[in-house]
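Engineer: With the sequence up front, the predicted model follows.
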Amino acid sequence: MRTRQNITIRSSIRTGRTAIAAWLTGDARGQALIETALFSMVLVLMMALAANFAYVVYIGAGITSAGRQAATYASQGQQAAAGSALPAVSAACQIAANEVNGWAGMSSTNWGAYSASSALGGSSWANTSSCAGNSNFTAPAYNADPESAYFSANAVKVSATPSPLVNFSLLGKKASTIQPSATYGRIVYMRQLN
Amino acid sequence: MIQKVQSWKSTEEAGAQNWRNLHRCESGQTIAVWLGAIIVMSSVLMGSAYDMSVAWMHKQWADTAAQAACTAGAMDMLWAANNGIPSTPVTAYNFLSSTSGDCATNSSNAMCYYAKLNGYASPGLTSNASSNDVSWGMSTTQPTNSNSSPTLTTTPSNGVPAYMNVAVTENVPVTFMGIFAHLLGMRNAWNTIQVAGHCNCGLEGAATTGSPQTIAINAGFIGRFGDFEPIADVTCWSNSHCSMTSSPLIGPNDPVPANTVVTVTSGAIARGEGSASLSGSVKLEVSCNSGSTWSSMATLNVTGLGSSSLPGTASCTVSNTNQIELMVAVNLSFGSAGPIFPTGDSFDVQIDGASITTPGSSTTSMHVTSFQND
């Protein structure tokens, strides 16, 4: 029994070797097998790259959406349903953080959210809040409202440095070391009436 | 005959051998064709997917910029409605008298400013080149596909429409689709893809209309120079120049909401008696914020004695307090009378009365909202 199994395995190995040898010597036998194997590797690699690119697009759209929702809340939202006070910058920032939290591939080190608002007649951000993620991500650039004596400017910045979603290996190297790493940030400015 | 048959057989065998050789040479050609086709098709698909993904990202950014711009314009509309006036607080950015506009030709308004902050400077669209344009319009009717409630069914009492729409259009440059178009001989056919973001926004809530309020400030005697009833803190006796600022006349007690623009109207009389030669000015000033900023209502240049009226009207904005103050600033120089105000001469200023007019509408329950964004 054992001998029969060994014979079968040896036969299979011999078949594979024969196919490769035949392919290398120009013999057509086994050629389709080799070509399919090689082409499948290329296809799988292309699919992995496509998935990782789609993930970057997803992150880019996500941080835009997060910043937009947070800035909208900062400029139009109320602290409570019956309230009249606009939310604090920390609350607006938390809106952005809630959006980003839970995304695949996101950890506390590769994303950050920053919210800021100006005071009437001010010349710099009066209130800032770095609410979650990596606080090393920089604050949004200050821009005053054109009618700063009457309106305040709000800004929400969401940044992310996504890691490859499919961290495949190619020639012993991981995708995270092959693919270029980049930080994507989006700042959304909106106005509020104090 | 036998030789012919052998020759024929020999030819047949040779042909069969050639056919086998030919067949053997063609082996792998099909996979090569398929491989090439798949590579070309994959390149086209992946390139198009990349370009469309980039265009879709720009679409998200355009949507965001449209919402920011629309909200900024609606904030101006809310401020104007709350204050009952058809203008923005800073007239250089006033757009409320227009019904539509394009930031490529007129960027002095909040919509264009916030669109630019969010990445869309709106130089205007250029065909087949990276460019963008921001346009806006105002409307008195709510977008039909919005379900916001309550709905403002009437225009706020300041006459400015309550609804606005902003469109951000962008020609996004494409990479791979442009290359494919070039390869197919369609030069400039796919250099850019046009995407657009839209936002409808406006005011919602109750718009209550009221009548303008007029609140009187009691008339008051401000001060007098001269020998009859000199004011103790004015040293007119040893100087050729004499100045005085009255104590603020405070009013009204009725509350005025913050950020309300009020109009103050007043009348006053400056009166001099005697033989002195005087020159100088008398100013009537008003402040809406406890003396932090005084606006000159009227200035009377004094060139001699006699009675002159000091009527004046000024507007100011109540920001941190509902206290409105009125005062008189006097700045006089003596001419031939010398450094000493002559005995028997006098100069005084008296405010006859003042009134404060507040906007007619109280619309504080309104707020800005985005109805539709796509």
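Structural biologist: The structure has been received and is ready for your questions. Numbering: from 1, shown residues only, chains lettered A, B, ... in the order given.
Engineer: just the strands in chain A please.
Structural biologist: A:111-118, A:125-133, A:151-160, A:169-170, A:173-174, A:184-193 (DSSP state E).
Engineer: of those strands, which approaches chain B most closely?
Structural biologist: Nearest to chain B, of all the strands of chain A, is strand A:184-193, at 4.0 Å by CB to the nearest CB. From N, CA and C alone the C-beta is placed, and that goes for glycine too.
Engineer: Kindly export the closest one (C-alpha atoms) in PDB.
Structural biologist: Extracted C-alpha coordinates of strand A:184-193, given in PDB (Å, rounded to 0.1, in the frame of the first residue of the first chain):
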ATOM      1  CA  TYR A 184      -4.300  61.700   2.500                       C
ATOM      2  CA  GLY A 185      -5.800  64.700   4.200                       C
ATOM      3  CA  ARG A 186      -9.000  66.700   3.500                       C
ATOM      4  CA  ILE A 187      -9.900  70.000   5.000                       C
ATOM      5  CA  VAL A 188     -13.500  71.200   4.900                       C
ATOM      6  CA  TYR A 189     -14.300  74.800   5.700                       C
ATOM      7  CA  MET A 190     -17.800  75.900   6.600                       C
ATOM      8  CA  ARG A 191     -19.300  79.100   8.000                       C
ATOM      9  CA  GLN A 192     -21.400  79.600  11.100                       C
ATOM     10  CA  LEU A 193     -23.500  82.500  12.400                       C
END
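Engineer: on that earlier part again, please dump the strands of chain A into a markdown table; it should also carry mean pLDDT and mean neighbour count for every row.
Structural biologist: Below are these laid out as a markdown table (pLDDT from 0 to 100; neighbours: other CB atoms under 10 Å in any protein chain shown):
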| stretch | mean pLDDT | mean neighbour count |
| --- | --- | --- |
| strand A:111-118 | 91 | 28 |
| strand A:125-133 | 87 | 19 |
| strand A:151-160 | 93 | 28 |
| strand A:169-170 | 80 | 11 |
| strand A:173-174 | 82 | 11 |
| strand A:184-193 | 92 | 24 |
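Engineer: Which among the ones you listed is found nearest to residue B:40?
Structural biologist: Residue B:40 sits nearest to strand A:169-170 of all the strands of chain A, at 23.4 Å, using CB to CB.
Engineer: So what touches that closest one?
Structural biologist: A:45, A:175, A:178 (CB atoms under 8 Å, 6 or more residues apart in numbering or on different chains).
Engineer: Among those, name the ones in helices.
Structural biologist: Judged by DSSP state H, the subset of the contacts of strand A:169-170 located in helices is A:45, A:175, A:178.
Engineer: near chain B, which residues of chain A?
Structural biologist: Chain A has residues A:28, A:31-32, A:35, A:39, A:46, A:50, A:53-54, A:57, A:60-61, A:64-65, A:67-68, A:71-72, A:75-76, A:120, A:143, A:145-147, A:149-151, A:153, A:186-194 near chain B, with proximity defined as CB under 8 Å from any CB of the partner chain.
Engineer: Can you turn the buried part of these into a PyMOL selection?
Structural biologist: In PyMOL syntax, the buried subset of the residues of chain A next to chain B is picked out as below (16 or more other CB atoms under 10 Å in any protein chain shown):
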select buried, chain A and resi 31+35+50+53+57+60+61+64+65+67+68+71+72+75+76+120+143+145+146+147+150+151+153+186+187+188+189+190+191+192+193
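Engineer: before we move on, back to that, buried among the ones in helices among the contacts of strand A:169-170? Make that a PyMOL selection.
Structural biologist: To isolate the buried members of the ones in helices among the contacts of strand A:169-170 in PyMOL, using 16+ other CB under 10 Å:
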select buried, chain A and resi 175
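Engineer: for the ones in helices among the contacts of strand A:169-170, which one is nearest chain B?
Structural biologist: Within the ones in helices among the contacts of strand A:169-170, proximity to chain B (CB to the nearest CB) peaks at residue A:45, which comes in at 11.5 Å.
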